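Structure for this input, please:
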Amino acid sequence: MTAKSHSVREYPTHAFSMAALYCLAVSVSMGVALVSISKLLIVLAIIAKLVCLWRAGTLRWVRSPYLTFTAIALAMAWLTISLLWTEAPENERMVNLGRHARLFVLPAVYFLIETRRDALKVLAALAFSQFFVVCCSWLLWLGVPLPFAQNIQEASLGVVFTSTLEQPVMSTLMLVLVWFLRDEIPVLWRKRILVTALTFTIANVFFVMTGRTGYLVMLLAISLAIFWQLPKRLRPIVVLLPLILAVGLGLLSTRFQSRMLEIKRDVLQYQAGNIDTSQGQRLDYWAKSLQAMQDKPLLGHGVGSWRINYIKNNGGDKVNPPSNPHQQFLLWAVDGGLVGLALMLGFFVALYLDSLELETRARQALQVALAITFLMSMMNCPLFGAGMGEFILLIFAALLAARPRPL
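Numbers count the residues shown, from 1 in each chain. As a prediction, the model looks like this:
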């Protein structure tokens, strides 16, 4: 990784790098196919920049300014080593390793961003594209046909390109950027943009969307935003705020109320032996993951082994589970053992410590985005899935690159 003290003008490929970053920032809101194309552009931009640095005689290795890069390198090195003992079928090993390798999007994006201004432009592109999705979601809910929207689900659910799981989380993360980086918005437009973004997005997540994870992350984002607005002596009361907001929302939103009641119903059915429900399947995935961890607790079963172990622990029944247990930490614990789990947790710790190096607004934005990702990881695998993973990692990278002083 090269130092960022060089002038952008030294790099003739900078314009191409920014174009690739803009493509990624827009595509992460609009489907997996476009993300794949954008990632190819990112790779080409990195190669072009490396060649440019080499020809200029300025290509050299420097000490990483952030712990996060080291955490990613260690985590991926361990999963790669686990190929030596993995139990995964040959056709699944490298596929799963590639999904985990999505973590490299973070240092790749950081490498291409040269200045704080570049970082803010990338974040602005991401925010604008996701707000476009929110507006389209409202149009679908109102019955306006959109030819480019996916038609897998009912239009009234307001899902444009992704799913009821991903879209509300992405919208919440977009709102986090708009709110905490509001000082970067021109004063003439700041109030209008804030009011519009807050109103349209919060109402969309709570009254149009049906994803329970989306409800939880929005409640968390609102609570943390209020936390930093309060005097320090009043901040402890924010612990109760998510519960208070959830009760109030349950009285106002029938969708929120019905989706929360479904959790209780599914858990009761799971206790009665029925796993054929949304939460019942998830609880079964978690239970079988813990069982697999007991078999090989330290080193794990090797990258990509979760699925085969789930089938094995179901007695070899003809089941067709997904590629992950819908829980980020259990996935790493089964594949990489306690070592892998420690490295995954280390990634979150490193990001938090690195956030302390940023100026106040960027630090708060990164910490809220990190808290949302951690919460989502308790119920899903956001860093393992295409689209959602790139969306989150792009935010992390751009916020780290928004550090005001040169590195």
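
Could you report the neighbour count for residue 54?
Residue 54 is flanked by 11 other residues according to other CB atoms under 10 Å. Every C-beta, even on glycine, is put in place using the N, C-alpha and C of the backbone.

pLDDT score for it?
Note for residue 54: predicted pLDDT of 87.

Strands along this structure, start to end?
Counting by DSSP state E, no segments of the chain form strands.

Helices of the stretch 301-407 of the chain, start to end?
306-313, 328-355, 360-377, 388-401 (DSSP state H, counting those that start in this stretch).

how about low-confidence regions in the stretch 1-150 of the chain?
Across the stretch 1-150 of the chain, residues meeting the criterion (pLDDT under 70) sit at 1-11, 62.

hmm, back to that, and the helices of the stretch 301-407 of the chain, which one is worst for confidence?
Looking at those, the weakest mean confidence is helix 306-313, a mean of 91.

what comes into contact with that helix?
Helix 306-313 has contacts (CB atoms under 8 Å, 6 or more residues apart in numbering) with 87-89, 92, 285, 288-289, 291-292, 295, 301, 317, 319, 321-325, 331, 334-335.

repeat for stretch 261-271
212, 277-280, 283-284.

That one: which residues count as buried?
266, 270 (16 or more other CB atoms under 10 Å).

and if you look at stretch 371-390?
371-377, 379-390.

Could you do stretch 206-216 as well?
Neighbour count says stretch 206-216 has 206, 208-216 buried, by 16+ other CB under 10 Å.

Send me it as PDB with only the CA atoms.
Presented in PDB, the C-alpha positions along stretch 206-216 are these (Å, rounded to 0.1, in the frame of the first residue of the first chain):
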ATOM      1  CA  PHE A 206     -40.900   0.900   9.400                       C
ATOM      2  CA  PHE A 207     -44.100   1.100   7.300                       C
ATOM      3  CA  VAL A 208     -43.300  -0.400   3.900                       C
ATOM      4  CA  MET A 209     -40.500  -2.900   4.500                       C
ATOM      5  CA  THR A 210     -41.200  -6.200   6.300                       C
ATOM      6  CA  GLY A 211     -37.600  -7.200   7.200                       C
ATOM      7  CA  ARG A 212     -37.200  -7.700  11.000                       C
ATOM      8  CA  THR A 213     -33.500  -7.100  10.800                       C
ATOM      9  CA  GLY A 214     -34.200  -3.800   9.100                       C
ATOM     10  CA  TYR A 215     -36.500  -2.800  12.000                       C
ATOM     11  CA  LEU A 216     -33.800  -3.600  14.500                       C
END
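
Quick one: mean pLDDT for it?
89.

And the contacts of that stretch?
Against stretch 206-216 from outside (CB under 8 Å, 6+ apart): 137-138, 141, 157-158, 163-169, 171-172, 205, 218, 246, 249, 252-253, 255-256, 259-260, 262-263, 375-376, 379-380.

Buried ones among those?
Counted by 16+ other CB under 10 Å, those give 137, 141, 157-158, 163-169, 171-172, 205, 218, 249, 253, 256, 259-260, 375-376, 379-380 as buried.

about what we covered before: among the contacts of stretch 261-271, which lie within helices?
212, 278-280, 283-284 (DSSP state H).

ranges for the helices of the stretch 151-300 of the chain?
Using DSSP H, counting those that start in this stretch, helices in the stretch 151-300 of the chain cover 166-180, 187-207, 212-229, 241-252, 254-271, 278-295.

nearest to residue 128, of those helices?
helix 166-180 (8.9 Å; CB to CB).

by how many degrees do the closest one and helix 212-229 diverge?
For helix 166-180 against helix 212-229, the angle by axes from the mean of the first three to the mean of the last three CA atoms, to 10 degrees is 10 degrees.

Return the distance of helix 166-180 from the chain's centre.
11 Å (CA atoms, centre = their mean, to the nearest Å).

mind saving the C-alpha coords of that helix as CSV?
These are the backbone C-alpha positions of helix 166-180, laid out as CSV (Å, rounded to 0.1, in the frame of the first residue of the first chain):
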residue,chain,number,x,y,z
GLU,A,166,-30.9,-6.2,2.6
GLN,A,167,-32.8,-3.1,1.4
PRO,A,168,-33.8,-1.7,4.8
VAL,A,169,-30.3,-2.3,6.2
MET,A,170,-28.8,-0.5,3.3
SER,A,171,-31.3,2.4,3.6
THR,A,172,-30.4,2.7,7.3
LEU,A,173,-26.7,2.8,6.6
MET,A,174,-27.3,5.5,4.0
LEU,A,175,-29.2,7.5,6.5
VAL,A,176,-26.3,7.1,9.0
LEU,A,177,-24.0,8.7,6.4
VAL,A,178,-26.4,11.6,5.7
TRP,A,179,-27.0,12.3,9.3
PHE,A,180,-23.5,12.1,10.7
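
follow-up on the earlier one: could you dump the helices of the stretch 301-407 of the chain to CSV with distance to residue 58?
Formatted as CSV, the helices of the stretch 301-407 of the chain follow (distance: least, CB to CB, whole Å):
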stretch, distance to residue 58
helix 306-313, 43
helix 328-355, 25
helix 360-377, 27
helix 388-401, 19
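
And residue 161, its phi and psi?
Note on residue 161: its backbone torsions stand at phi -120, psi -30 [degrees, to the nearest 10].

who's in contact with it?
With CB under 8 Å, 6+ apart, residue 161 has these contacts: 29-31, 133, 149-150, 167.

Write the ChimeraX selection for whichever of those are buried.
Restricted to buried positions by 16+ other CB under 10 Å, the ChimeraX selection for the contacts of residue 161 reads:
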select :29,30,31,133,149,167
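
So which of the contacts of residue 161 is the closest to residue 125?
Using CB to CB, these come closest to residue 125 at residue 29, 9.9 Å.

re earlier: just the buried ones from the contacts of stretch 261-271?
212, 277, 279-280, 283-284.

Residue 97: what's it in contact with?
79-80, 83, 303-304.

Going by distance to residue 360, which of the buried residues of stretch 206-216 wins?
residue 216 (25.9 Å).

Same list, the contacts of residue 161, but as a markdown table with distance to residue 234 please.
Supplementary listing: those in a markdown table, determined by distance: CB to CB, whole Å:
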| residue | distance to residue 234 |
| --- | --- |
| 29 | 36 |
| 30 | 40 |
| 31 | 43 |
| 133 | 35 |
| 149 | 43 |
| 150 | 44 |
| 167 | 33 |
